[in-house]
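[1] Here is a sequence with its predicted model. Questions after.
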Amino acid sequence: DKYIGDTILAVFGAPHEDSDHALNAVRSALACRQRLGAMQAELGLPNGSTLNARIGINTGQILVGNIGSHRRFNYTVMGDAVNLASRLEGVNKAYGSQIIASGETVAACGDAIVFRELDSVQVVGRESPVAIFEALAAAADCPAQSRSLATAYGAALAAYRQRRFAQAEAAFEDLAQAGDVAARTLAGRARALTLEPPPPDWRGVTALDSK
C-alpha cells in the first residue's frame with residue numbers, strides 16, 4: 001500500500017477479492033525472510049552484522065478506499081485490525097522473532113502454514129489480550145526438527161499457563177540452549193513467577209509497555 005518511514009504497509013484482499021488473502025500474506029512474509037537471508041551473503045556484510053526485518057500480520061475487517069481531503073488524498077486502509085498488525089510487528093522485538101501473526105490469521109491459513117503460539121499479550125492501546133503466533137514455514141517445507149521444537153515450546157507454554165512455573169522454566173531453558181530467544185524470555189518470566197507467585201486472577205497474559 002505505501003511506505004511509512006522505514007515501514008511498508010502491505011494489504012492483501014483489496015482492492016481485488018482474494019479468498020486466500022491471509023495465506024498469501026504469510027507466504028509473502030516467509031519469502032521476505034528467505035530473501036533477507038540470501039542478501040546477507042550477497043551484500044558481504046562485516047562479521048557480526050546481520051540484516052533483520054520484523055513483520056506483523058493480522059486478519060480482520062478494515063476500511064479500504066480513497067481517504068482524505070483535497071489537500072491530502074490517497075488509497076489506504078484504516079481500522080483496528082490495521083493497528084493491531086502494526087503492534088504485532090513491534091512485538092517481535094520482545095521475542096526475538098521475525099514474523100508474528102494473530103490468531104485470526106492462523107485460523108484463516110488452516111494447515112498450510114506451521115505456526116507456534118508464542119504467548120498471550122496485551123499490546124499498547126488494547127485492553128483485550130491477543131494470542132500471538134510465530135510463522136515457522138509452509139507446511140510442505142517445515143523440517144521435522146522445527147515441528148518437534150514447536151511442540152516442546154507448546155508444552156512448556158501450557159505448563160506456564162497452568163502455574164507450574166518451575167517445570168515451565170526448565171523446559172524453556174532447554175529450548176533456550178539451542179538459541180531460542182522466545183524460550184529464553186519465557187524462562188525468565190517463569191523464574192520470576194516462581195520466586196513471586198502471581199495473584200489468583202493471573203491469566204498468563206503479558207502486558208507490553210512499548211510498541
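    Done, it's in.

[2] Disregarding residues adjacent in the polypeptide, which is nearest to the residue nearest the centre of the chain?
    Among the residues of the chain, the one closest to the centroid is residue 100, at 1.3 Å (C-alpha atoms, centre = their mean). Nearest non-adjacent residue to residue 100, counting by C-beta to C-beta, 6 or more residues apart in numbering: residue 88, 4.6 Å away. (Each C-beta comes from the backbone N, C-alpha and C, glycine too.)

[3] check contacts around that neighbour.
    56-58, 100-102, 123, 130, 132 (C-beta atoms under 8 Å, 6 or more residues apart in numbering).

[4] let's go with 10 Å and repeat that
    Taking C-beta atoms under 10 Å, 6 or more residues apart in numbering as the criterion, residue 88 is in contact with 54-58, 99-102, 105, 121, 123, 130, 132-133.

[5] what's the top helix by length along the chain packed up against?
    Taking DSSP state H as the criterion, the chain has its longest helix at helix 21-42. Counting by 3 or more C-beta pairs under 10 Å, 6 or more residues apart in numbering; DSSP states H and E, the packing neighbours recorded for helix 21-42 are strand 55-57, strand 99-102, helix 103-109, strand 113-122, strand 130-138.

[6] thinking again about what came up before, are any of the contacts of residue 88 buried, and if so which?
    55-58, 99-102, 105, 121, 123, 130, 132-133 (16 or more other C-beta atoms under 10 Å).

[7] before we move on, back to that, pLDDT value on the residue nearest to the centre of the chain, please?
    Listed pLDDT for residue 100 reads 97.

[8] before we move on, the earlier item: would you reformat the buried ones among the contacts of residue 88 as TSV and include distance to residue 35?
    Listed next are the buried ones among the contacts of residue 88 as TSV, based on distance: C-beta to C-beta, whole Å:
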residue	distance to residue 35
55	12
56	18
57	17
58	22
99	13
100	19
101	19
102	24
105	21
121	28
123	28
130	28
132	24
133	22
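
[9] Of the residues you listed, which one scores lowest on pLDDT?
    residue 123 (88).

[10] any idea how far the nearest residue to that residue once chain neighbours are set aside is from residue 45?
    Excluding its sequence neighbours, the residue lying closest to residue 123 (C-beta to C-beta, 6+ apart) is residue 87, at 4.1 Å. When distance is defined by C-beta to C-beta, to the nearest Å, residue 87 is 30 Å away from residue 45.

[11] Looking at the two, which is more packed in?
    Higher neighbour count among residue 87 and residue 45: residue 87, with 21 against 12, using other C-beta atoms under 10 Å.

[12] Just the element for the more buried one, please.
    helix 80-95 (DSSP states H and E).

[13] Just the C-alphas of that helix, formatted as CSV.
    Presented in CSV, the C-alpha positions along helix 80-95 are these (Å, rounded to 0.1, in the frame of the first residue of the first chain):
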residue,chain,number,x,y,z
ASP,A,80,-8.4,-1.6,14.5
ALA,A,81,-7.2,-4.6,12.5
VAL,A,82,-4.6,-2.5,10.8
ASN,A,83,-3.4,-1.0,14.1
LEU,A,84,-3.1,-4.5,15.6
ALA,A,85,-0.9,-5.6,12.7
SER,A,86,1.4,-2.7,13.4
ARG,A,87,1.6,-3.6,17.1
LEU,A,88,2.4,-7.2,16.2
GLU,A,89,5.3,-6.0,14.1
GLY,A,90,6.8,-4.4,17.2
VAL,A,91,6.1,-7.4,19.5
ASN,A,92,8.7,-9.3,17.6
LYS,A,93,11.3,-7.3,19.5
ALA,A,94,10.3,-8.9,22.8
TYR,A,95,10.5,-12.5,21.4
